[in-house]
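K.L.:
next come a sequence and a model predicted from it.
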Amino acid sequence: MQIKLITIGKTDHKAIQQLIEEYSSRLAHYIRFEFEIIPDLKNSKSLTEHTQKEKEGELILKKVQASDEVILLDERGKSFSSVEFSEFIQKKMNSGLKQLIFVIGGPYGFSEEVYQRANGKISLSKMTFSHQMIRPFFIEQVYRAFTILRNEPYHHE
Ligand SMILES: C[S@@+](CC[C@H](N)C(=O)[O-])C[C@H]1O[C@@H](n2cnc3c(N)ncnc32)[C@H](O)[C@@H]1O
């Protein structure tokens with residue numbers, strides 16, 4: 001299985017970029033992992049919130065194939081402990097799935113079409129993180145999940 005994380009807009013802080021690189025390269029020891037950025041929309045300031053979400057949604061859906069499982073990161077999604085999340089990933093690997101896609105929305109979240117295509121939603125907290133900050137937090141959780149599955153000491157309960 002491959003895991004892909006789709007995000008909207010380039011990472012604008014060096015510190016966030018460094019954390020993404022650090023945890024993506026750690027994760028690559030366990031699974032094929034792709035971090036994909038959909039470029040920011042041009043003239044997004046002149047668009048309504050609704051139009052921006054619609055346009056971003058179209059770009060997200062272009063990246064998705066019929067056989068992919070698509071999980072949205074969404075504060076209203078299902079909560080997992082890190083151990084439960086590792087079990088979730090293990091189940092997906094056991095199912096023979098080729099590509100598991102996680103998606104982080106743009107600054108305003110997802111369009112209705114993206115919600116409709118998605119196979120599920122997961123929440124990292126009831127709080128709202130910026131679409132930038134959540135990137136390294138989530139990649140670290142995926143990395144943590146693999147260390148749990150391998151019984152490695154990184155995760156101490
Ligand atoms: C600033 S948030 C968008 C908030 C938007 N008002 C909404 O209701 O979805 C940008 C993106 O970060 C991600 N995100 C932020 N907080 C999150 C959380 N607690 N759990 C999971 N994803 C979150 C989601 O993918 C969201 O689309």
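P.N.:
Alright, I've got the coordinates. None of these values were measured; they are calculated from a predicted model.
K.L.:
what parts of this structure come near the ligand?
P.N.:
With Cβ under 6 Å from any ligand atom as the criterion, the chain meets the ligand at residues 73-75, 104-105, 107-110, 123-125, 127-131, 134. For the C-beta atoms, the positions are set from N, CA and C on the backbone; glycine is no exception.
K.L.:
the host helix or strand of Phe33 pairs with which strands, and in what direction?
P.N.:
Using DSSP states H and E, Phe33 sits in strand 32-38. Strand 32-38 has the following sheet partners, assigned by DSSP bridges: strand 2-8 (parallel).
K.L.:
show residues contacting the partner strand.
P.N.:
Residues outside strand 2-8 that contact it (Cβ atoms under 8 Å, 6 or more residues apart in numbering): 27, 31-38, 40, 56, 59-60, 63, 89, 98-107, 131, 135, 138-139, 142.
K.L.:
SS state for the closest residue to Pro107 other than its chain neighbours?
P.N.:
Of all residues not flanking Pro107 in the chain, His131 sits nearest, at 5.6 Å (Cβ to Cβ, 6 or more residues apart in numbering). What DSSP: H, G, I helix; E, B strand; the rest coil gives for His131 is coil.
K.L.:
pLDDT at His131, what is it?
P.N.:
As predicted, His131 sits at a pLDDT of 95.
K.L.:
please apply the same query to His156.
P.N.:
For His156, the pLDDT comes out at 76.
K.L.:
give the contact list for it.
P.N.:
His156 neighbours (Cβ under 8 Å, 6+ apart): none.
K.L.:
name the helices or strands packed onto the helix or strand that contains Lys92?
P.N.:
Using DSSP H and E, Lys92 sits within helix 82-94. In terms of contacts (3 or more Cβ pairs under 8 Å, 6 or more residues apart in numbering; DSSP states H and E), helix 82-94 is packed against helix 134-149.
K.L.:
quick check: mean pLDDT of the helix it packs on?
P.N.:
Averaged across helix 134-149, pLDDT comes to 98.
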